[in-house]
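S.K.: with the input below, show me the fold.
(chains A and B)
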2 protein chains.
Amino acid sequence: VNALTFDGTEPLLRTDYSEPVLVAGEAIIRPTRMGVCSTDIELAQGYMGFTGVLGHEFVGVVEKVADSTDEHWVGQRVVGTINCVCGECDQCRAGIREHCRNRTVLGIHNRDGCFAEQFLLPTQNLLAVPDNVDDDHAVFAEPLAAALQVQRQITVINRPYITVLGDGRLGLLVAQVLSRLNATVRVVGKHPDKLKHCEKWGIKSRLLQDVGLRQDQDIVVDCTGSAQGFATAAQMVRPRGTIVLKTTVAPQAVQESPIDLAPVVINEINVIGSRCGPFDQALQTLSAGEVDVISLISRRVRLADSAQALKTAKQPGVVKVLLEP
Amino acid sequence: VNALTFDGTEPLLRTDYSEPVLVAGEAIIRPTRMGVCSTDIELAQGYMGFTGVLGHEFVGVVEKVADSTDEHWVGQRVVGTINCVCGECDQCRAGIREHCRNRTVLGIHNRDGCFAEQFLLPTQNLLAVPDNVDDDHAVFAEPLAAALQVQRQITVINRPYITVLGDGRLGLLVAQVLSRLNATVRVVGKHPDKLKHCEKWGIKSRLLQDVGLRQDQDIVVDCTGSAQGFATAAQMVRPRGTIVLKTTVAPQAVQESPIDLAPVVINEINVIGSRCGPFDQALQTLSAGEVDVISLISRRVRLADSAQALKTAKQPGVVKVLLEP
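M.R.: Have a look, this model is predicted:
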């Protein structure tokens, strides 16, 4: 089958990739839309040493299941959480399954991803997509869930000032989610063409170069994916304020811009790492039409052309690239 | 007067330093004991660009006050908080005075410190020392308050596993404070001669080299003052656990061991910066005899010999160096 792979040197479309072989508890899914995330771009540059099929954002149809008790999934339109867990380690038993000690992660860690004609996922990871959420919306379930995770991790009292730092894919989703709260939210970024989306959503936005770094924000969400993001966030957040780290930074970039934690100590900042979020809530939010994801779609590319697409997803002005079969 | 100063190149005992000149709201204090802290050692290497009289840990006697309403302080044995605040900025008005935007900090930022025969501090910073707390104990009020701050910032439920990383001055105080909580506390360090104190306090201790880095601690308090401390803490703390950063690291050391925040995101770790703490609680703790500070005193040095003492305070086995007039 066609699959976009990374072999350790560069992203490569394979047309002869072996068909997925069903194992107990899992389903074969045929994706109808796939989303390209910054993590894919970093993995395709060797980050975290991943090799195999890339991709973890999808909506698709279940083709086949291993277990007869899972037959009801066949033909169902689904999205899926990306952490495949053991159910038995201390984290799973404590109910923190996203942090399973033995997890594989779709297209990220020890498991082939969804940028393929077919791929595998445990049926326990699947969620049925409501009929009123079409594929172009449903494919945003994963990044929207990640954005909703920020909302779960922060405390919103006394109408706080919140800055979303970064105007990329994730930043624009996080901003929309947080703007529904009783808070003063602004997006600070470097790209006028991306920040312009905020206007139609009624969200304040500013260019980074025009913003005073006055340590006056209660909460700063770093969605920059850049090594400078943390230092900027530390200059924006007030003493005893909160920085939510939403994006990781490739080790090479860290080498070039070393991170200084002294401001965290001196200003007693609370830094919260934030990763995967609640898919059920993401589907509800999409079903209720509470966020605009369609405006974020910059480009649609066939899976067959995806190797090139991955290389150009970092081009100026590009927000979300969707892959289609 | 005699004063231990830093002029930008090296610590220097001045015998001709000018006497402090009283200004409104302040008191002249004659210290009877002074404590050497890692921050002093770092400042004396150029950290943060401080110049002037070093020192911020003291117990002493009030000699003179500027305002007649403060006369009751004269002759009183006191300790003092180190942040001298404006009372008018947003932080002060919000009750977060330690983070005053316009603060000076005793011997750390824009204010001469206490390693002198006499020095100045606002009377609003002073606390009377209970009679049953002698000078050798009272001089630990500042670092003990800093240790107590950790207790205020963490949530202790379900008997958490807590690792205090670092067996220096601050680590051994933090360990004693946290061991009074309903938690399983251990100290992990590199120095058998420092870790041995833990045994008599009934606190578990381990050499770093003997400890498995299994991401199984609920809370890790980094008291190492070393650039490697954070990475080690991130390898010890469980997913969704907490790292308390208690010590800053000089910028040069950060350059040599760059900090990687990716584990914070991936494991959704909560990092909390921790600085100054409650002096009133520190004095109560000392008065109640709840922590052993006397065992931490490694060496006593005359102020006149303190320049050399500062240089040797990093010697193996040295925990606390006290200065005497």
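S.K.: surely residue A:247 meets residue A:38?
M.R.: Yes: assessed by CB atoms under 8 Å, residue A:247 is found in contact with residue A:38 at 6.7 Å. All C-beta spots, glycine's among them, are computed from the backbone N, C-alpha and C.
S.K.: how about the residues of the stretch 51-200 of chain A near chain B?
M.R.: Within the stretch 51-200 of chain A, the residues that sit near chain B (CB under 8 Å from any CB of the partner chain) are A:90-91, A:96, A:99, A:153.
S.K.: I should have written the stretch 201-325 of chain A there, sorry.
M.R.: So the stretch 201-325 of chain A meets chain B at A:216, A:230, A:238-240, A:245-249, A:251, A:254-255, A:258-275 (CB under 8 Å from any CB).
S.K.: filter these to the buried ones?
M.R.: Buried by 16 or more other CB atoms under 10 Å in any protein chain shown: A:230, A:238-240, A:245-249, A:254, A:258-275, out of these.
S.K.: before we move on, the earlier item: just the buried ones from the residues of the stretch 51-200 of chain A next to chain B?
M.R.: Looks like those have A:91, A:96, A:99, A:153 buried, using 16+ other CB under 10 Å.
S.K.: now, which of those residues lie within helices?
M.R.: A:91, A:153 (DSSP state H).
S.K.: tabulate the buried ones among the residues of the stretch 51-200 of chain A next to chain B (a markdown table), appending pLDDT.
M.R.: Below are these laid out as a markdown table (pLDDT from 0 to 100):
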| residue | pLDDT |
| --- | --- |
| A:91 | 96 |
| A:96 | 95 |
| A:99 | 97 |
| A:153 | 97 |
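S.K.: just the closest of the buried ones among the residues of the stretch 51-200 of chain A next to chain B to chain B, please.
M.R.: Checking those against chain B by CB to the nearest CB gives residue A:99 as the nearest, at 3.5 Å.
S.K.: what helix or strand is the nearest residue in space to that closest one that is not next to it in sequence located in?
M.R.: Once flanking residues are discounted, residue A:99 sits nearest to residue B:239: 3.5 Å by CB to CB, 6 or more residues apart in numbering or on different chains. Assigned by DSSP states H and E, residue B:239 belongs to strand B:237-245.
S.K.: in helices only, show me the residues of the stretch 201-325 of chain A next to chain B.
M.R.: Going by DSSP H, the helices hold A:230, A:251, A:254-255, A:262-266 from those.
S.K.: determine which two of the residues you listed are furthest apart.
M.R.: Pairwise distances across these (CB to CB) peak at 26.0 Å, for the pair A:251 and A:266.
S.K.: and the spatially most central residue of chain A, which of the three is it?
M.R.: Nearest to the geometric centre of chain A sits residue A:143, at 3.6 Å (CA atoms, centre = their mean). Going by DSSP: H, G, I helix; E, B strand; the rest coil, the secondary structure assigned to residue A:143 is helix.
S.K.: ok, it - contacts?
M.R.: Contacts for residue A:143 were tallied using CB atoms under 8 Å, 6 or more residues apart in numbering or on different chains; they are A:35, A:37, A:57, A:169-170, A:173.
S.K.: any idea how many residues pack against the closest residue to residue A:184 other than its chain neighbours?
M.R.: Once flanking residues are discounted, residue A:184 sits nearest to residue A:161: 5.0 Å by CB to CB, 6+ apart. Residues lying near residue A:161 (other CB atoms under 10 Å in any protein chain shown) number 18.
S.K.: also residue A:59?
M.R.: By the measure other CB under 10 Å, the count of residues near residue A:59 is 26.
S.K.: okay, it and residue A:107: tell me how far apart.
M.R.: 15 Å (CB to CB, to the nearest Å).
S.K.: with just CA atoms, put stretch A:210-226 into CSV.
M.R.: C-alpha atoms of stretch A:210-226 as CSV (Å, rounded to 0.1, in the frame of the first residue of the first chain):
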residue,chain,number,x,y,z
ASP,A,210,5.0,45.3,18.8
VAL,A,211,4.5,43.7,22.2
GLY,A,212,6.1,45.0,25.4
LEU,A,213,7.7,42.3,27.5
ARG,A,214,6.4,43.5,30.9
GLN,A,215,5.9,40.3,32.9
ASP,A,216,2.3,41.1,33.2
GLN,A,217,0.4,38.1,31.8
ASP,A,218,-1.2,35.7,34.2
ILE,A,219,-0.8,32.8,31.8
VAL,A,220,1.3,32.4,28.7
VAL,A,221,0.8,29.3,26.5
ASP,A,222,3.9,28.6,24.4
CYS,A,223,2.8,27.2,21.1
THR,A,224,5.8,28.4,19.2
GLY,A,225,7.7,25.2,18.8
SER,A,226,10.8,27.4,18.9
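S.K.: give me the contact list for it.
M.R.: Residues contacting stretch A:210-226 (CB under 8 Å, 6+ apart): A:38, A:42, A:150, A:154, A:160-166, A:168, A:170-171, A:174, A:178, A:183, A:188, A:229-230, A:232-233, A:235-239, A:241-249, A:253, A:267, B:90.
S.K.: buried subset of those residues?
M.R.: Buried among the contacts of stretch A:210-226 (16+ other CB under 10 Å): A:38, A:42, A:150, A:154, A:160-166, A:168, A:170-171, A:174, A:178, A:183, A:188, A:229-230, A:232-233, A:236-239, A:241-249, A:253, A:267.
S.K.: and the strand or helix carrying residue A:33, which strands flank it?
M.R.: Using DSSP H and E, residue A:33 sits in strand A:26-35. The strands beside strand A:26-35 in its sheet (DSSP bridges) come out as strand A:57-65 (antiparallel), strand A:119-122 (antiparallel), strand A:320-324 (antiparallel).
S.K.: how far away is the closest residue to residue A:180 other than its chain neighbours from residue A:246?
M.R.: Nearest-residue entry for residue A:180: residue A:290, 6.8 Å, with adjacent residues in sequence omitted and distances by CB to CB, 6+ apart. To residue A:246, residue A:290 is 19 Å away according to CB to CB.
S.K.: dump the residue contacts of residue A:92.
M.R.: Residue A:92 neighbours (CB under 8 Å, 6+ apart): A:85-86, A:100-101.
S.K.: including neighbour count, could the residues you listed go into a markdown table?
M.R.: Below are the contacts of residue A:92 laid out as a markdown table (neighbours: other CB atoms under 10 Å in any protein chain shown):
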| residue | neighbour count |
| --- | --- |
| A:85 | 22 |
| A:86 | 14 |
| A:100 | 21 |
| A:101 | 16 |
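S.K.: out of the residues you listed, who's nearest chain B?
M.R.: Nearest to chain B among the contacts of residue A:92, with distances taken as CB to the nearest CB, is residue A:101, at 8.2 Å.
S.K.: check the secondary structure at the closest one for me.
M.R.: coil.
S.K.: quick one, what contacts it?
M.R.: Per CB under 8 Å, 6+ apart, neighbours of residue A:101: A:86, A:89-92.
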